[in-house]
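In: Using only what follows, build the 3D model:
(one chain, ligands or ions: 1)
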Amino acid sequence: MRVLSNELSAHIGRRVTLAGWVHAKRDLGAVAFVLLRDRAGLAQIVAAGQVELPPETVIEVEGEAVASAQAPDGVELRDPSFRVLSTPVEQPPLELRRPRLKETLPTILDYAAVSLRHPFRRAAFELAAASLHGFRAALDRLQFTEISTPKIVASATESGANAFTLDYFGRPAFLAQSPQFYKQTLVGVFERVYETGPVFRAEPHDTARHLAEYTSLDAELGFISDHFDVMAIVRVVVAGMVEAIRERAAAAVERLEVELPDVPAEIPWVHFAETGVDELDLAPADERRLCEEFGEFLFVTGYPMAKRPFYTHPEPARPQYSNSFDLLFRGLEIVTGGQRLHRYGDYVAALAGKTEPYEGYLQAFRYGMPPHGGFALGLERWVARLTGASNVRETTLFPRDLTRLVP
Ligand code: AMO
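Out: Residues are numbered from 1 along each chain as shown. The predicted structure is shown next:
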């Protein structure tokens, strides 16, 4: 039966079988050291003589587990017999054996199928997986219902400018920029919903923070007083994500030397009007400055209505501002959210009567909707800020951007 690399130390003195990839190999003449990589980590194999197995050969190896101070986990496999399961056609153009990949980001992304095998690179996606688990678990505890909504849609949900269009049986359609309309609609059914999945933005700019497809972690809830009720949920969810990483991805945290944040009991917030920004939106430099001033987590509330989508609820006392917010984390916007309009008449007014493209969406409001709000967190940006990656492509398995459609 197959034993994993991290289980080897429980088998000292016995013959066991490992399986995985040849991660690295050192031939010293009389002996050869083979480092085997499996899903759990690395194991050292010591063989007499030379071993003719190039890196990335997929092997099964039977041998004796022997205690050894120099080996990973203090154990190595000796007296091995190898069985080759598959041989690489050629050597990958990346040196996976290095502690960190040395190649440029374009090369790393061009060869994603193999570069993702590197333990350091793979670890970022273990953080992502644990974060997703934490997001779901936190919202499950709060009685949210998980939903899956269409990604082929009839209208743009955010700014129309960056929607991908497609031919839907001869009619124009869009790739969903967010589950915004459906998550609101389903508040009318479940009161509290969440969804995780891909969303699409035809981002015209080549920046370190924008992808054409990313993973949106969305939630929406009814019967709120205002956006501060939503911000309270964001806090619980982000704390739950950090907790899940601690519990489920400890090895990745250690490998990447991630400093997990302490999510304060109350995340500080500042109104947009108090940020000292003259424009209608924050620039990346403003986000960095504000986090330096206030801490690694900061809510900026009250963004000008002019820069928010039509479904945004205005601030009752100052209607040029909105009941919306962004959450900044370590100098980068990772969450957007807010209170929404909930009366049919308010939508007709906000759309200046041009309701035709939105008939499907407006159905919910015709038939009665509670005050509600929600938020969305960009998973790739969250993991980028955790790991200190300067480009969100580093924390995306197969990034889609202006130039990249393959792999
Ligand atoms: P927004 O458009 O601000 O809001 O997106 C929410 C969050 O998604 C992430 N994000 C991106 N990540 C990578 N590449 C992109 N091109 C990209 N665009 C956005 C960011 C951002 O904070 N419907 C609203 C959310 C809501 O109000 O509930 C929305 O989509 O982390």
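In: residues contacting residue 147?
Out: Contact partners of residue 147, counting by C-beta atoms under 8 Å, 6 or more residues apart in numbering, are 179, 182, 183, 186, 190, 193, 194, 195. For every residue, glycine as well, the C-beta is placed using N, CA and C.
In: Distance of it relative to the ligand?
Out: 14 Å (C-beta to the nearest ligand atom, to the nearest Å).
In: sorry, back to before: most widely separated two among the contacts of residue 147?
Out: Farthest pair in the contacts of residue 147 (C-beta to C-beta) is 179 and 190. Separation: 13.4 Å.
In: higher neighbour count, the two?
Out: residue 179 (28 against 17; other C-beta atoms under 10 Å).
In: about what we covered before: write the ChimeraX selection for whichever of the contacts of residue 147 are buried.
Out: Command for ChimeraX that selects the buried part of these, burial taken from 16 or more other C-beta atoms under 10 Å:
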select :179,182,183,186,190,193,194,195
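In: Mind putting the contacts of residue 147 into a markdown table with secondary structure and distance to the ligand?
Out: As requested, the contacts of residue 147 are exported to a markdown table (DSSP: H, G, I helix; E, B strand; the rest coil; distance: C-beta to the nearest ligand atom, whole Å):
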| residue | secondary structure | distance to the ligand |
| --- | --- | --- |
| 179 | coil | 8 |
| 182 | helix | 11 |
| 183 | helix | 7 |
| 186 | helix | 13 |
| 190 | helix | 16 |
| 193 | strand | 11 |
| 194 | strand | 11 |
| 195 | strand | 11 |
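In: Please identify the buried residues of stretch 380-394?
Out: Going by neighbour count (16+ other C-beta under 10 Å), the buried part of stretch 380-394 is 380, 381, 382, 383, 384, 385, 386, 387, 389, 392, 393, 394.
In: Tabulate the residues you listed in a markdown table, adding columns for pLDDT and secondary structure.
Out: Shown next, in a markdown table, are the buried residues of stretch 380-394 (pLDDT from 0 to 100; DSSP: H, G, I helix; E, B strand; the rest coil):
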| residue | pLDDT | secondary structure |
| --- | --- | --- |
| 380 | 98 | helix |
| 381 | 98 | helix |
| 382 | 98 | helix |
| 383 | 98 | helix |
| 384 | 98 | helix |
| 385 | 98 | helix |
| 386 | 98 | helix |
| 387 | 98 | helix |
| 389 | 97 | coil |
| 392 | 98 | helix |
| 393 | 98 | helix |
| 394 | 98 | helix |
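In: What is the nearest of these to the ligand?
Out: Using C-beta to the nearest ligand atom, residue 381 comes nearest to the ligand of the buried residues of stretch 380-394, at 4.3 Å.
In: does residue 45 count as helix, strand or coil?
Out: For residue 45, the secondary-structure state derived from DSSP: H, G, I helix; E, B strand; the rest coil is strand.
In: Could you do residue 156 as well?
Out: coil.
In: Spit out the contact partners of it.
Out: 163, 174, 177.
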